[in-house]
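Chemist: Take this sequence and fold it.
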Amino acid sequence: MASRVSVVAAVLGCITLAVSVSVSVPGAAAATSRPAAPVVRVDQIGYPTSGTKVAYLMSGSGLGGTTFSVRDATGTSVYAGVVGSSSGSWNKKYGFVYPLTFSSVSSAGTYRIVVSGPVTVDSPSFAIGPASTLWHQALSNSLSFYQDERDGPDYIPSTLRTAPAHLNDEHAMTYATPKVDANGNFTGDLSPLGTTIDASGGWWDAGDYLKFVETTSYTVALLGVGARSFPAQMGATAGSADVMDEVAFGVQWLEKMWDDSTRTLYYQVGIGGGNASTVSDHDIWRLPQADDTYGGSSPADRYIRNRPVFEAGPAGAPVSPNLAGRLAADFGLCAQLFSSTDPTFASGCLRDGEDVYALADTSPTGHLLTTVPYDFYPETQWRDDMELGATELAAAVGPGTQQTAYLQQAARWASGYLASPDQDSLNLYDVGGLAHYELARLIVATGATGATGLAVTVAQLVGQLHTQIQQAASVGAGTPFAFGYPWSSSDTVSHGAGLSIMASEYDALTGSTTFSAQAQGWMDNILGTNPWGASFIIGDGSTFPDCPQHQVANLAGSTDGASPVLAGAAVEGPTAHASKGLVSGMIACPGGKGKAADPYAQFNGHGAVYKDNVQSYSTNEPAIDLTAATPLAMAWLSSSGS
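Modeler: This is a model prediction of the structure:
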């Protein structure tokens, strides 16, 4: 349940997935004297009618030269192919991985792949359909996740949510940032500032109930760009996938955390680590509605009942540029999205965005301000946030000298980012992959491509995207499943979706399909074409995290994949280790001890592990920032093909 620490890659930037007819346990290896039973990995949402379609065959013995077929719902073969060369070894059990390409299958329908060899292997069924409709249910699921994450009085009733939560946040005391030890615990007591604010609303961060400007501002930025750029997929005409209300909900909480009248920023609600005499959020396991009266009058539980709000600095003080830039972007997007439907809201957003941007500390020293403790979210890059903020403000203010000034500033921050060695692909810690696209797009849209005074050109921004995507593609080319980010690094799911977004952005800016296969393939990896044969987005596909580290999902949902589940939530995904640790009140995952409790263990390899267990926050905790890239990536794919 602890918040996450990202490991930036050296590069910039119940199993049911496959069954052998001779094996009764899904995906299980054969007896130790025999090679591991082969399995087939597919994108469990499916594939668009046009474009590249790739599945993977994993085997403990060589199967090159055998045949495979794609069969429709009636069992009729619509395509036959030959298993080619192995793309490499995954682990000791699975020494052979074979890509199976079937891109010529283009008729809409339900299919499965059958490999005919020493043992016949079936894949799970999957869809082929128009891109414009293929992703709609998954996009709707993403929206439902944010609705389930809502805090405060304006919750949305569902099978998982039956009551409002943290109503005491409406009158929350503000505090100075405490000093914390290496474990995130503070000594002594917190220092109240004597001012209460309304900090209610917003989304809680992950499987815990903390609320951060750091992660909320990132989430609003990606959802806001999606709603504006893809109205039919995520915006006003998207039906059950319309995120406009959630964008407004997120912005409204950020406006509470930014007091424009005093120029004061508050950046966090709640504590993840307490002290020797204080209970913190991460110490207990409960439904969120329990907190307002938790522990009665017990002093030890006072910060559960009445959560502290931490102030970034005195009124009018400079604001850490990562938060200032990203907040400016959120408020600028708000102004763009609601200018016609709610001009008063939009006008207030624009004012807030310009004011917080103007207070950015552009010569920061020491750690950037993210959360307390900093190690929860140790962001180091900030020029990307300032670039995005200036760009969205430029789009919001419209033509004129003010827009030109913001474009010039955005270009200056982009130039500084390009010269910085501290770069990553699109994720919580680096929004350069979004900022560059948004800036290039606006330069072209405003006709400023030949303008003097811009520190970067569209060609340089496009070139930066190309460099990062090409490097990710090179990483994928050296691994059996062609994933563009090392599976043993942290936040693999969010990085994969971020790379897919960047690939789609590049193709849109260049009017090409240069990286369309990668844009699709990296989402395929997230949704099932991976060694573990799992979709890492709950509710998307046939095999997904059943027992995530998420209190509401664990206490009010199922632990075996049956309804209700926390649909749409993206988990951490595979990483270098699976964490463990019980909190009193956790509902144990089914399966008992040993291999039965960890059916994915046999598929771990290349230094990466995945464990579907409530104890494993490092692999199996959902979060608002982890999920934010997946709907935007799906919207791009939905809008870009047939």
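Chemist: Could you use CA atoms for every contact and neighbour count after this?
Modeler: Noted.
Chemist: who touches the helix or strand harbouring Leu265?
Modeler: Per DSSP states H and E: Leu265 is located in strand 264-269. Under the criterion C-alpha atoms under 8 Å, 6 or more residues apart in numbering, residues 199, 210-214, 257-259, 307-317, 319, 370-372 lie in contact with strand 264-269.
Chemist: can I see the domain layout of the protein?
Modeler: As recorded under automatic domain parsing, the domains making up the chain are 19-128, 166-379.
Chemist: picking that back up, what about the strand holding Leu265, distance to the chain center?
Modeler: 23 Å (C-alpha atoms, centre = their mean, to the nearest Å).
Chemist: That strand: what's the following helix or strand?
Modeler: Using DSSP H and E, the next helix or strand after strand 264-269 towards the C-terminus is helix 302-305.
Chemist: other SSEs contacting that following helix?
Modeler: Helices and strands touching helix 302-305, by 3 or more C-alpha pairs under 8 Å, 6 or more residues apart in numbering; DSSP states H and E: there are none.
Chemist: after that helix comes which helix or strand?
Modeler: Heading C-terminal from helix 302-305, the first helix or strand you meet, by DSSP H and E, is strand 309-311.
Chemist: Tell me which other helices or strands that next one touches.
Modeler: Right, strand 309-311 is packed against strand 172-175, strand 264-269 by 3+ C-alpha pairs under 8 Å, 6+ apart.
Chemist: Tell me how far the residue nearest the centre of the chain lies from Val571.
Modeler: The centroid of the chain falls nearest to Leu626 when counting by C-alpha atoms, centre = their mean (2.3 Å). To Val571, Leu626 is 7 Å away according to C-alpha to C-alpha, to the nearest Å.
Chemist: Check the contact lists of those two and give me the overlap.
Modeler: Contacts common to Leu626 and Val571, judged by C-alpha under 8 Å, 6+ apart, are Val493.
Chemist: list the contacts for Ala312?
Modeler: By C-alpha under 8 Å, 6+ apart, the contact list for Ala312 reads 176-177, 264-267, 319, 369.
Chemist: Closest one of these to Ile538?
Modeler: Tyr267 (28.9 Å; C-alpha to C-alpha).
Chemist: Just give the number of residues close to that closest one.
Modeler: Here the count is done by other C-alpha atoms under 10 Å, and Tyr267 has 23 residues near it.
Chemist: any weak-confidence spans in the chain?
Modeler: For the chain, the stretches with pLDDT under 70 are 1-33, 451, 593-596, 641-642.
Chemist: so where's the longest strand in it?
Modeler: strand 109-116 (DSSP state E).
Chemist: Please enumerate residues in contact with that one?
Modeler: For strand 109-116, the surrounding residues in contact (C-alpha under 8 Å, 6+ apart) are 40, 66-73, 120-129.
Chemist: Quick one: residues contacting the closest residue to Thr380 other than its chain neighbours.
Modeler: Nearest non-adjacent residue to Thr380, counting by C-alpha to C-alpha, 6 or more residues apart in numbering: Leu368, 6.5 Å away. Counting by C-alpha under 8 Å, 6+ apart, Leu368 makes contact with 320-322, 378-380.
Chemist: Could you rerun that using 10 Å?
Modeler: By C-alpha atoms under 10 Å, 6 or more residues apart in numbering, the contact set of Leu368 is 319-323, 374, 378-382.
Chemist: Any of those residues buried? List them.
Modeler: When neighbours are counted using 16 or more other C-alpha atoms under 10 Å, those contain these buried positions: 319-323, 378-382.
Chemist: Can you add distance to Leu359 and secondary structure and give those back as CSV?
Modeler: Formatted as CSV, these follow (distance: C-alpha to C-alpha, whole Å; DSSP: H, G, I helix; E, B strand; the rest coil):
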residue, distance to Leu359, secondary structure
Val319, 6, strand
Ser320, 9, coil
Pro321, 8, helix
Asn322, 12, helix
Leu323, 11, helix
Pro378, 22, coil
Glu379, 19, coil
Thr380, 19, coil
Gln381, 18, coil
Trp382, 14, coil
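Chemist: Am I right that Ala248 is in contact with Phe338?
Modeler: Yes: using C-alpha atoms under 10 Å, Ala248 is in contact with Phe338, at 8.9 Å.
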